[in-house]
Structures are given as structure tokens and as C-alpha cells.
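Enquirer: could you look at this predicted model? Sequence included:
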Amino acid sequence: MTQFSLFDNIQPEKVKHTQSAGDAQDFDCSKLGEITLRVMPPSSASPVGIALRLDKNNACYVPLNHRDGQNADDTLLILKTICESENTAKTGHDIKNLMLSLSSEDIKIKGMLHDVMLASYLLNPNLSDHSLENICLEHMMIKKTSLSDQFGKTVFTDIPVKDAAEFSCHETALISDLRSIVFDKLKNEGLERLYYDLEMPLIYVLYDMQSRGVKIDLIKTSEISKELERELDSLQSKIYSLAGEEFNINSPKQLARILFDVIGLRPTKKTKTGFSTNIEVLEELAKVHELPQEIINYRGLHKLKTTYIDALPQLVKPETGRIHTTLNQTITATGRLSSSDPNLQNIPVRGEWGPRIRALFVAEEGNLLLSADYSQIELRVLAHLSGDEVLIKAFQNNEDIHTHTAREIFGVEAADVTSEMRRTAKTINFGVVYGMSPFGLSEALGISPKEAGIFIESYFSRHDGVRKYFDAVIEAAKKDGFVTTLMGRKRQIPDINSSNANLRQQAERLAMNSPIQGTAADLIKKAMLSVSQRLKAESMRSVMILQIHDELLLEVPEHEAERAKVIVTEEMESAIQISVPIKVEAGIGRSWADAH
DNA sequence: GCCGTCACG
DNA sequence: ACGTACGTGACGGCA
């Protein structure tokens, strides 16, 4: 057992941090069934050290970048061997992040993953935060001290090795204890398959996507920035002259003073803090004064410039020349992913500037971008979940679903559906998925709640399956306290039995919407696994780089592009079998705009 | 740190 | 009479 001598007599809280390891490359970890890992600090690309726990009594700390500690090359090599062993399962908290940290040490993580953060998310996706501290509280009633509380906001390399070792080895003990608790709960809640077949393997896919990143055209970006600068300057002068004075256009408070006090326009809507100056109000005011329209123009351009054009270049990573978003797997209450730092799921697509901004996202030389998106996925999911015969038939007959709804609502032939009628029907179809209320629909359509109510009644009278389905979902939520997706993902609906009518009705809308949005999220996650597997199986160099809820964006070598398009379309369309066809539209181009 | 606003699905 | 369509993230302003 010389292999294990490295860790003999190492107590978790009294840790050796360097060891003569003997022949590290000969290290045999075949008997290591499972280990727990924790990186210090937990969320950073540049780790200062890594804690490794073998069992209850043995843990060690591998310093990597401490001011007062030498790095342990031998131990590091053993760590690498263990991490890269397919047969050793890894337990951790936020393992995707762990992978990113370890990649700077040229260490990969392979094999079965037990991520307590992901498990916590599946058990309760409503939790605002799946930090280790919060999960310890939620599942073990332990109030854990966070790294920053323990050490203050220091430079982490300044933390003494001994302190870091004690802290992170203690964390591995907590994570290890948590693992048995939350994974038992997963089993009891019927969430095991969702974890092992979907979310756990997805960690690898998301890691690859984040690591690969997205290329942007910096030259064009700076050109657009200058163009926006000029436009904003000229709009600013125009606005000051129309207002008769200078003020901060970006301050809703100052703007409200100009519009309603100085000029004397009529406020139409209130916020908690004052009169609203949002787009709808401004559009209304634009009918009687020149200024509001210029404010709308200014706001639009300012948003584009600050949030996208000027922010993105700063996030280009020097080492790769690309932008690496974080794909968050445990944020949304419905099962969707989210994207942050930067958010690449809300890049403009509409309007005059949308295509110009999407054109900044480009493929590497010799490559192309491939965009593939699901068509009407949430309505197709609703058709399946509800079993509504009319909806199912419409999709089976490959009908334009908005035109179909327009025909029903307005009682006309397909040929007589005007674009106005189709637009209204489209809004109603969205409303159905959101659990629409007469008021909500009336706001969206600019009609009275009474008229909206008639539309809603008209829709449900023709879609009895949908009505019955929603009734059943709400009943189930009242009885069980949660709703589920097609793959068994749960979302608790705490207020479903509230005596407060507002809270209760909001809960009912969540109960109606979550299974639909969540099933669509399950579907595309499954498709991502299949696409990834298939591309690997066919030894292709095409890779996924982004997921935007119902769209996958890939970067593909030119010579592979057509083949990749076929594969991605196939895998997305066949990810699950439901009672209606699932359709994917795909395009290829030099930029994201061209691929659409 | 919250609010209002607005970009996306 | 009340407040009301689902899910996100980022910005600037302001307390």
C-alpha cells in the first residue's frame, strides 16, 4: 500500500502540505473509489491551493500559489493522476468551476461527478443561492463561515498555507457529509436520473463551451462604438435644446422633472418612487411632444453602447483572444441555464442595430458559425403535455401556429388572416404559455381587459385539452406543493394555497408556466449532450459555443459545416419523442448575424 | 444595495 | 378594491 502512504496519518485539520511522493507517475489510484475536492478560493480562475480528501480521516492540502509556501510538484502530479482517473468519483461543490481552476494547473477532471451544488439545485431550484454556506444551512443546519468572513477581503495568496489548509480541508469534510445527505434526498425525490443522465454529464459540456469562448471582431466593435458616440452626442444636444436646459438624461428622476414639471406633460404611469418614464409612457407622450421620441432614441443607443459595444471588448481574455461567459447551471427556477459576465443570452437581435451587433460575433479563421434553433418549442411542449387534440393536429399538419390561432380567434379562413390578426394571435399564444390573465393580455395588446377576456375565453373554448391540463397542474400543485417537467424536474410553488389572492394567482401562473419552460429546458439540455457525444463520436472539430434557451450556436470548420448542420439538426429534433414533431431551423455564416 | 429600465428567450 | 402575463442579467443613478 505504498501508494497511500502519502496520506497516512494526515489529519484533516493538521495538514502536511508537501510530501516526497516517490514515483508520482506510478501512483495507483485504482483503489480510490471516491475523493472530495475543494479549490481555494472557491470561485477563481487562479487557485492558491487545492484540498483533497480521501476519507473521513485523511485529507491533504496542495499549495499552488501561496506567498509563504513552496509549491508541491510531486503532490501535484499525484493530484493530477487522481483527478484524471476515470474510475475515481469526484465530490465537490460547483465542479465546473473547480475544473476551470484546475485547468490552469493543466489538470483535467474525469469520471463520475457528485456536485452538491447541482444536487441542491435539483432539490429546490427556488433557492436564491446555492453557495456552500447556504446549502450547509439548508441541509445540515450548519452555519458555515465563508472565506471572506474568515480572512477578510485579503489577497488570497497572502493567506498562510496552514490557514488555507485548515479551512479548505474542513470544507471538504462538510462537502463530503453533504454529499451523502443531498444524494439520498435526490433518490427519495425521484431526481436521480435527472442528475446522472442530464445535469451531471452536462457539466462537461458547459465546461467545454466556456473554455472555448466566442470570438468578437474588435475592429468593427470600435467602429460601431465611435458611430454610437457621434449619434449620442448629437441626440444629447437635440434633447437639451428641446428641454430648454441641460440635465442627466440617464436619470429617470431628472427626466421625469423635465417631462412633467418643466414641459408640463401628463404622467400616465407611476412607479414605487415616482412617475414612470419607461418606453410605453414615452411612446404615449411622443404623440404630443417632440422630446419623448428623442429620449427613446437616446436610451436605445445608450443601452447598446454601454451594455454591449463598450463592455464586450473589456471581457476578451488576453490568453485566448475570446470572450468566455459563465454558463450558470443552478440559477433559474425553471431549469434553464443563465449566462453572466458577460450575459451572452441577451445580445440584441431586433431592430436596426440588432443584426449589426450580432455581426460582431464571428468564427475563427477557417471556421463558420452554425446557429440552430427550435421552432415554437414551448407551444409544441404545451401540445404534448396537455394532449390538446386541436393543438397536436395543428403541429402534425405543420401549420403556422399563429395563423392557426388567428383563424380560431377571428373565425376566418387562413387566406383571410391579416398580419394584424396574426400578430394578435401570436401575443395570445405567448400569453397561453405564461398563464395569461385578462389584464396581462390587455396590456400586451393595448385593449381593454374585457376584450382580452373574450379572446382568452375564445382560445380556451377551442382548446379544452389545454384548459383541462392547466386545471390539473394547478390541482396537483395545491396537493403536492410542486409541479414537474417531462423529465421529472421539480419546482416548489409555495404560495399556491395562499389566502392572499394576488400571491395565489401568481403561484398559479408559475404552476402553469414552469412545466412548459422547464420541459423545453430539459429538452435542449438533452440535445446538447447528444450533439456533444455525436460530434465526438464522428471525430469532428465542430464545437458548441453558446446556448440561448432554444438555440445552439456552434463554431465549425468550413469543410465540416454542412455535415455539422445535419448532425445538430438531427440530434436536436430527436432529443425526445413527443406527440408532435419537433422542428429545428439552422443556418451557417461567417458571423452570428449571417448564421440566422 | 436597491430601483428603474431594457436587452434576450 | 386590489394588482396582475413567464424566465433571466447588466447598466446608471441614487440613497
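Expert: That came through fine.

Enquirer: get me the contact residues on the stretch 451-596 of chain A for DNA strand B.
Expert: A:517, A:548-551 (Cβ under 7 Å from any atom of the strand). In short, each C-beta sits where N, CA and C put it, glycine included.

Enquirer: most neighbours among the residues you listed, which one is it?
Expert: A:Gln517 (23 neighbours; other Cβ atoms under 10 Å).

Enquirer: tell me the first helix or strand C-terminal of the helix or strand where it lies.
Expert: For A:Gln517, the element it lies in under DSSP states H and E is helix A:501-537. The helix or strand immediately downstream of helix A:501-537 is strand A:543-547, counting by DSSP H and E.

Enquirer: starting at the chain centroid, how far to that following strand?
Expert: Taking Cα atoms, centre = their mean, to the nearest Å, one finds the center of strand A:543-547 at 13 Å from the center of the full chain.

Enquirer: what pairs with it, parallel or antiparallel?
Expert: strand A:551-557 (antiparallel) (DSSP bridges).

Enquirer: just the CA coordinates of the strand it pairs with, formatted as CSV?
Expert: Listed next in CSV are the C-alpha coordinates belonging to strand A:551-557 (Å, rounded to 0.1, in the frame of the first residue of the first chain):
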residue,chain,number,x,y,z
GLU,A,551,-30.9,27.9,-29.9
LEU,A,552,-27.5,26.3,-30.1
LEU,A,553,-24.5,28.2,-31.6
LEU,A,554,-21.6,26.2,-32.9
GLU,A,555,-18.2,27.1,-34.3
VAL,A,556,-17.4,24.7,-37.1
PRO,A,557,-14.5,24.2,-39.5
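
Enquirer: show me what the helix or strand just after it is packed up against.
Expert: In the C-terminal direction, the helix or strand that comes right after strand A:551-557 (DSSP H and E) is helix A:561-573. Other helices and strands packing on helix A:561-573, by 3 or more Cβ pairs under 8 Å, 6 or more residues apart in numbering; DSSP states H and E, are strand A:367-374, helix A:501-537, strand A:551-557, strand A:584-589.

Enquirer: would you turn those into CSV with mean pLDDT?
Expert: Supplementary listing: the helices and strands packed on helix A:561-573 in CSV, determined by pLDDT from 0 to 100:
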stretch, mean pLDDT
strand A:367-374, 98
helix A:501-537, 98
strand A:551-557, 98
strand A:584-589, 98
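
Enquirer: can you redo these as CSV with distance to A:Pro313?
Expert: As requested, the helices and strands packed on helix A:561-573 are arranged in CSV below (distance: least, Cβ to Cβ, whole Å):
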stretch, distance to A:Pro313
strand A:367-374, 19
helix A:501-537, 28
strand A:551-557, 19
strand A:584-589, 22
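
Enquirer: among those, which is nearest A:Ser386?
Expert: Ranking these by proximity to A:Ser386 (Cβ to Cβ) places helix A:501-537 first, at 9.3 Å.

Enquirer: run the chain-centre distance for the closest one.
Expert: For helix A:501-537, the distance between its averaged C-alpha position and the chain's averaged C-alpha position is 11 Å (Cα atoms, centre = their mean).

Enquirer: A:Gln396: how many residues sit nearby?
Expert: Per other Cβ under 10 Å, the neighbour tally for A:Gln396 reads 12.

Enquirer: which parts of stretch A:259-273 are buried?
Expert: Burial within stretch A:259-273, assessed by neighbour count using 16 or more other Cβ atoms under 10 Å, is assigned to A:259-260, A:263, A:265.

Enquirer: equivalent analysis for stretch A:100-119, please.
Expert: Neighbour-count burial for stretch A:100-119 flags A:100-102, A:105, A:107, A:109, A:113-119 (criterion: 16+ other Cβ under 10 Å).

Enquirer: where are the low-confidence patches of chain A?
Expert: Low-confidence segments of chain A, defined by pLDDT under 70, are located at A:1-27.

Enquirer: flag every buried residue along stretch A:399-419.
Expert: Neighbour-count burial for stretch A:399-419, with 16+ other Cβ under 10 Å as criterion, is recorded at A:401-410, A:417.

Enquirer: widest-spaced pair of those?
Expert: The largest separation in the buried residues of stretch A:399-419, counting by Cβ to Cβ, is between A:Ile401 and A:Phe410 at 14.9 Å.

Enquirer: the residue nearest the centre of chain A and A:Lys185, how far apart?
Expert: The C-alpha lying nearest the average C-alpha coordinate of chain A belongs to A:Ser338 (Cα atoms, centre = their mean; 1.4 Å). Taking Cβ to Cβ, to the nearest Å as the measure, A:Ser338 falls 24 Å from A:Lys185.

Enquirer: quick one: the helices in the stretch 151-300 of chain A?
Expert: With helices called from DSSP state H, counting those that start in this stretch, the stretch 151-300 of chain A shows them at A:161-188, A:192-193, A:200-212, A:218-243, A:252-256, A:279-285, A:291-303.

Enquirer: quick one: which of these is nearest DNA strand C?
Expert: When the helices of the stretch 151-300 of chain A are compared by Cβ to the nearest atom of the strand, helix A:252-256 sits nearest DNA strand C, at 4.1 Å.

Enquirer: could you pick out the residues of the stretch 401-550 of chain A near DNA strand C for me?
Expert: For the stretch 401-550 of chain A, the contact set with DNA strand C under Cβ under 7 Å from any atom of the strand comprises A:427-428, A:430-431, A:434-437, A:439-441, A:443-444, A:449, A:501-502, A:505-506, A:509-510, A:513-514, A:517, A:549.

Enquirer: how much space between the residue lying closest to A:Arg193 once chain neighbours are set aside and A:Ala507?
Expert: With Cβ to Cβ, 6 or more residues apart in numbering as the measure, A:Gly488 is the residue that lies nearest to A:Arg193, at 7.0 Å, once sequence neighbours are left out. With distances taken as Cβ to Cβ, A:Gly488 is found 21 Å from A:Ala507.
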